[in-house]
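J.: okay, predicted coordinates and the sequence, questions at the end:
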Amino acid sequence: MLKEFFSSRKNIIFTGIFIGISAAVLQKLGNPPNMGICVACMERDIAGALGLHRAAVVQYIRPEIIGFVLGSLIAASIFKEFKARSGSTPLIRFVLGFLAMIGALVFLGCPWRTLLRLAGGDGNALFGLVGLVVGIWIGIFFIKSGYNLGRNQKTHPMVGWIMPVIMVGLFLLLVFRPQLPSGVIFFSSKGPGAQHASIFIALIIALAIGFFAQRTRFCTVAAVRDVILIKDTYLFTGVVSLLLAALVSNLILKQFHPGFQGQPIAHTDQLWNFGGMVLAGLAFTLAGGCPGRQLFLSGEGDADAAVFVLGMIVGAGFAHNFATVSSPKGPGLWGPASVIAGLIICLIIGFSMSDLGKKIVEAKR
Amino acid sequence: MNQRIDVRGLSCPLPVVDVRKKLLEMKNSVLEVLVDTGTSRDNITRMAVNAGWKVEVKEEDGEYRLTISK
């Protein structure tokens, strides 16, 4: 029975282990501490490089994001799963991506980094993890109440190619680094943005992750959601594999430093570590998947997922420009207010786009 | 008479949620499901098999027709 369990799940377990080891190794090779991979932070760095925000310490075009999309594109093309599709309320997805980023940057990490922070010994991430589960749980409440963003439609292949082409464009900007009079492209000379593995190695690892994740449908949010909603532990096995692999790798590479104080790129305001991830977890669940999954879907032609990713990148620009992002000292000036506002917006979306909204309208008639 | 459900174009996890709801209502009849992505095909198949159903998958023009029976 145990043998059957592992054989039916060997691919998802492999993917989790691969991501966990890769993250620890990328950190060893230069990526910021406990941030070997962080989809939210890396998209935020891209936003900074493009000048969408001017936080000088977090500006870099991260090849990992590019690799995730293109790796998924390669897998989807080989296995004939590339399908251009769009039209399932893209603007709502943009807003959800925007708000997910606001929440993630109050905590300082996406669901992937939540696991990687834990695997690096950062106890503050526990509060983020609990927040994430609570956010997903609220999202499940809406899904059970008939929440639905509507059907997408098959569309012209060109639509599905836009996100991969954007990624190729970003890669060219990374390699050729054109300097425009405005100062872009910005590359941090200090801080997390200046810490990175070599472009080539990061890209190759990310292409492989994108490839495996497309095949196995790896998703950190659906992992929790499926356990609660449909009692399916398939994706959860992958997430646990990631956590354990990263933990073991960190122990071997001497990157495990347990504690709460002085953790890298983290703060100790537990209320907002929790609150930020409630918002992010809810927004990811309402949009159907974690930020990594949205990138993989973008690579296989899902233009709605691509709009979510663009929402996250724009959200990162706003988060820094409007001081909602946290620093190691704690939440930004408008961080708590932005989380509360984001939660209200997500709740309105959840209510109005589920049967609950219809019931309220009918009751008024 | 076979029952049918079309979950094409729906985002995760709605395809698997809708099919699961339908299967819980059904006893012994056959459910035909129209699916348009490999992800939904895999998710629905895994859920149904775990719940003790048999699933037959047919590919038609890049979409899938799943026949779920006891």
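T.: That came through, no problem.
J.: residue in chain B nearest to chain A?
T.: Using C-beta to the nearest C-beta, residue B:9 is the residue of chain B that sits closest to chain A, at 3.1 Å. From N, CA and C alone the C-beta is placed, and that goes for glycine too.
J.: number of nearby residues for that residue?
T.: Residue B:9 is flanked by 20 other residues according to other C-beta atoms under 10 Å in any protein chain shown.
J.: residue contacts, it?
T.: Residue B:9 makes contact with A:85, A:88, A:151-153, B:36, according to C-beta atoms under 8 Å, 6 or more residues apart in numbering or on different chains.
J.: take these and write them to TSV, including pLDDT and neighbour count.
T.: Output for those, formatted as TSV (pLDDT from 0 to 100; neighbours: other C-beta atoms under 10 Å in any protein chain shown):
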residue	pLDDT	neighbour count
A:85	97	23
A:88	97	22
A:151	97	17
A:152	97	24
A:153	96	13
B:36	95	22
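J.: how about the residue of the stretch 101-250 of chain A found nearest chain B, what does it touch?
T.: For the stretch 101-250 of chain A, the residue closest to chain B is residue A:151, as judged by C-beta to the nearest C-beta, at 3.1 Å. Residue A:151 is in contact with A:87-88, B:8-10, counting by C-beta under 8 Å, 6+ apart.
J.: can we see that at 6 Å?
T.: For residue A:151, the contact set (C-beta atoms under 6 Å, 6 or more residues apart in numbering or on different chains) comprises B:9-10.
J.: what of residue A:185?
T.: The contact partners of residue A:185, by C-beta under 6 Å, 6+ apart, come to A:49, A:173, A:177.
J.: one more pass at 8 Å, please.
T.: Counting by C-beta under 8 Å, 6+ apart, residue A:185 makes contact with A:49-51, A:61, A:173, A:177-179.
J.: least confident of those residues?
T.: The lowest pLDDT within the contacts of residue A:185 belongs to residue A:179, which sits at 90.
J.: in space, what's closest to that one - neighbours in sequence excluded?
T.: The shortest distance from residue A:179 to any non-neighbouring residue, by C-beta to C-beta, 6 or more residues apart in numbering or on different chains, is to residue A:185 (7.3 Å).
J.: for residue A:169, grab the count of nearby residues.
T.: If you count neighbours by other C-beta under 10 Å, residue A:169 ends up with 11.
J.: pLDDT at it, what is it?
T.: For residue A:169, the model assigns a pLDDT of 98.
J.: give me every residue in chain B lying close to chain A.
T.: Within chain B, the positions adjacent to chain A are B:8-14, B:16-17, B:20, B:36-39, B:42-43, B:46-47, B:50, B:62 by C-beta under 8 Å from any C-beta of the partner chain.
J.: any of those buried? List them.
T.: Neighbour counting with 16 or more other C-beta atoms under 10 Å in any protein chain shown marks B:8-14, B:16-17, B:20, B:36-39, B:42-43, B:46-47 as buried within these.
J.: which members of the residues you listed occur in helices, if any?
T.: Counting by DSSP state H, these place B:14, B:16-17, B:20, B:38-39, B:42-43, B:46-47 in helices.
J.: list the contacts for the closest residue to residue A:156 other than its chain neighbours?
T.: Excluding its sequence neighbours, the residue lying closest to residue A:156 (C-beta to C-beta, 6+ apart) is residue A:84, at 6.2 Å. Residues near residue A:84 by C-beta under 8 Å, 6+ apart: A:154-161, A:301, A:303.
J.: got these as a markdown table, with secondary structure, neighbour count and pLDDT columns?
T.: Formatted as a markdown table, the contacts of residue A:84 follow (DSSP: H, G, I helix; E, B strand; the rest coil; neighbours: other C-beta atoms under 10 Å in any protein chain shown; pLDDT from 0 to 100):
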| residue | secondary structure | neighbour count | pLDDT |
| --- | --- | --- | --- |
| A:154 | strand | 18 | 95 |
| A:155 | coil | 15 | 96 |
| A:156 | coil | 9 | 97 |
| A:157 | helix | 11 | 97 |
| A:158 | helix | 10 | 97 |
| A:159 | helix | 18 | 98 |
| A:160 | helix | 24 | 98 |
| A:161 | helix | 16 | 98 |
| A:301 | coil | 28 | 98 |
| A:303 | helix | 24 | 98 |
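J.: what's the closest of those to residue A:133?
T.: When the contacts of residue A:84 are ranked by distance to residue A:133 (C-beta to C-beta), residue A:303 comes first, at 29.6 Å.
J.: once you drop chain neighbours, what's closest to that closest one?
T.: Counting by C-beta to C-beta, 6+ apart, residue A:303 lies nearest to residue A:86, which is 3.6 Å off, once chain neighbours are set aside.
J.: ok, now residue A:334?
T.: Counting by C-beta to C-beta, 6+ apart, residue A:334 lies nearest to residue A:324, which is 4.7 Å off, once chain neighbours are set aside.
J.: can you pull the phi and psi angles for the one you found?
T.: Main-chain torsions, residue A:324, degrees, to the nearest 10: phi -100, psi -10.
J.: dump the residue contacts of residue 41.
T.: Reading this off chain A. By C-beta under 8 Å, 6+ apart, residue A:41 lies in contact with A:32, A:35, A:58, A:108-110, A:113, A:192, A:265.
J.: my bad, chain B
T.: Neighbours of residue B:41 in contact, by C-beta under 8 Å, 6+ apart: B:35, B:57, B:64, B:66.
J.: quick check, the second one in contact with residue B:46.
T.: What it means is residue B:57. No: in this structure residue B:57 lies outside contact range of residue B:46 using C-beta atoms under 8 Å: 11.9 Å.
J.: sketch out the low-pLDDT regions of chain B for me.
T.: Low-confidence regions of chain B, defined by pLDDT under 70, span residues B:1.
J.: center of it - which residue?
T.: residue B:33 (4.3 Å; C-alpha atoms, centre = their mean).
J.: secondary structure element for the nearest residue to it once chain neighbours are set aside, which one?
T.: Nearest non-adjacent residue to residue B:33, counting by C-beta to C-beta, 6+ apart: residue B:66, 4.2 Å away. Taking DSSP states H and E as the definition, one finds residue B:66 inside strand B:63-69.
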